[in-house]
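*Asks:* structure, please.
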Amino acid sequence: MAAPSRRPTVIAGALVAVCLGGLIQISARQTPVVRPVDERTLREYTGVYQWGREAFVYLQLWDEFSGFGTPQLVAFDESGDVRTLYPIDGDTFFAGPGAAMPGSIESRIAFQRDRACQIVSLAWQRDGAALRTATRVEIEQWEDVRFTNQEVQLTGTLIAPSTRGAHPAIVLVHGSGAENRAYMLPWARFLIRHGIAVLGYDKRGVGGSTGDWNAATYEELAGDALAAVEYLKTRRDIDSGQIGLLGISQAGWIMPLAAVRSRDVAFLISISGAGVTPAETTIDQARNEMTMTGMPAATVADITRLMGLQYDFARTGKAGTRTPRPARHWWHVWARHQKPRFPAHLTIPNGKRSSGRTFTTRRPHFASSRCRPSRSGAA
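*Replies:* From the prediction side, this is the model:
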């Protein structure tokens, strides 16, 4: 598509530069006050903004930093920078020096509107840096969708490139917990402008989906992902031979289960997925966290041994005199599941078959793997 005109943005940026710069100097010495804004108002600022020819920042509502049900406006730059935008006044926001740090101001962000009061651009003024402006661009098509896995009704959003033709597609597969359709989007949204459609859905029991994720087995969650694949196969705007899965954490166990059951899964991308059993992962995590807090090694060993006994009981059903009875269903789900095994029809990046083996792929983090702020980022 044609590059958007920069003239209105440049003029608007010049008008707000002095104001933003002065406000930063004043507020840097003060504790910022976050103005309460409802979700509907914040949604008005979401979308794709373009810094330059190959530089984009994505603004979306995300509740990872604030808890489910209370989403914040978060900017995900293709450089890898992530910043929560905190409302101040009108169309002005501030961002702290980290992803979710409202205690001090690093940047001020002002949105500009056209005569119809529609947001058309933003101006980002970071303390000590030149003013940057980005134009809002419409390069995505959003559609709410529904599909089923037996009696479970699943709802989601399909985001496709605005170009014509049948596109490859990725189904976003959840990690643990109550995750909605937007949770995994930051890891894959940059793919849309490269011609790949992305389908995110509410986990069963979350948002508009029925069921109960807390009582679901990994096999059932894998079935939900496959139901999404089956739905995409029915669409003429999707290339049915190029549908894959992308997930984080717990999805590293769920996606291989789905791929084993269906040859329609053309590929999968596992971000920080484990290569051992859920029980081993949880025990190792607990051991490291307790050690980090300074807990005595003997106490850590006793607690992790007790956790191991709980998992053994959940897996085998055999209880000894020193084995506590687990109180929740998820103990059984986690304890019985084994480490992931990948089907033979999938090809890993080095071109070798992955049958019966685990593997790790490089994290598909926006445009780079940098975590530190950069001049090309959003802050």
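*Asks:* got the confidence number for the closest residue to R132 other than its chain neighbours?
*Replies:* Spatial nearest neighbour of R132, chain neighbours left out: W124 (4.7 Å); criterion: Cβ to Cβ, 6 or more residues apart in numbering. Heads up, the C-betas are built off the backbone N, CA and C, glycines and all. For W124, the pLDDT comes out at 97.
*Asks:* in what helix or strand does W124 lie?
*Replies:* According to DSSP states H and E, W124 maps onto strand 119-126.
*Asks:* how far does that strand sit from the chain's center?
*Replies:* In terms of Cα atoms, centre = their mean, to the nearest Å, the centre of strand 119-126 is found 24 Å from the chain centre.
*Asks:* and for stretch 47-59?
*Replies:* 18 Å.
*Asks:* how about stretch 260-270?
*Replies:* Relative to its parent chain, stretch 260-270 has a centroid offset of 20 Å by Cα atoms, centre = their mean.
*Asks:* then that stretch to CSV, C-alphas only?
*Replies:* The C-alpha trace of stretch 260-270 is given here as CSV (Å, rounded to 0.1, in the frame of the first residue of the first chain):
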residue,chain,number,x,y,z
VAL,A,260,0.5,-35.6,16.7
ARG,A,261,-3.3,-35.9,16.2
SER,A,262,-3.5,-33.9,13.0
ARG,A,263,-1.2,-33.7,9.9
ASP,A,264,-3.0,-30.4,9.1
VAL,A,265,-0.6,-28.7,11.6
ALA,A,266,2.1,-27.6,9.2
PHE,A,267,4.5,-26.1,11.8
LEU,A,268,4.7,-25.1,15.4
ILE,A,269,6.7,-22.4,17.3
SER,A,270,7.3,-23.0,21.0
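*Asks:* now the residue positioned nearest the centre of the chain: how far from F94?
*Replies:* Closest residue to the average C-alpha location of the chain: M184 at 2.6 Å, with Cα atoms, centre = their mean. Plainly put, M184 is 27 Å away from F94 if you go by Cβ to Cβ, to the nearest Å.
*Asks:* so which residues of this structure form helices?
*Replies:* Here the chain has its helices, by DSSP state H, at 7-27, 39-43, 218-233, 251-261, 278-292, 297-316, 329-336.
*Asks:* what about the strands in the stretch 1-150 of the chain?
*Replies:* In the stretch 1-150 of the chain, the strands defined using DSSP state E, counting those that start in this stretch lie at 47-52, 55-62, 72-77, 82-89, 92-95, 107-113, 119-126, 132-137, 140-149.
*Asks:* okay but the residue nearest to R132 is in contact with F111, surely?
*Replies:* No: counting by Cβ atoms under 8 Å, W124 does not reach F111; the two are 10.2 Å apart.
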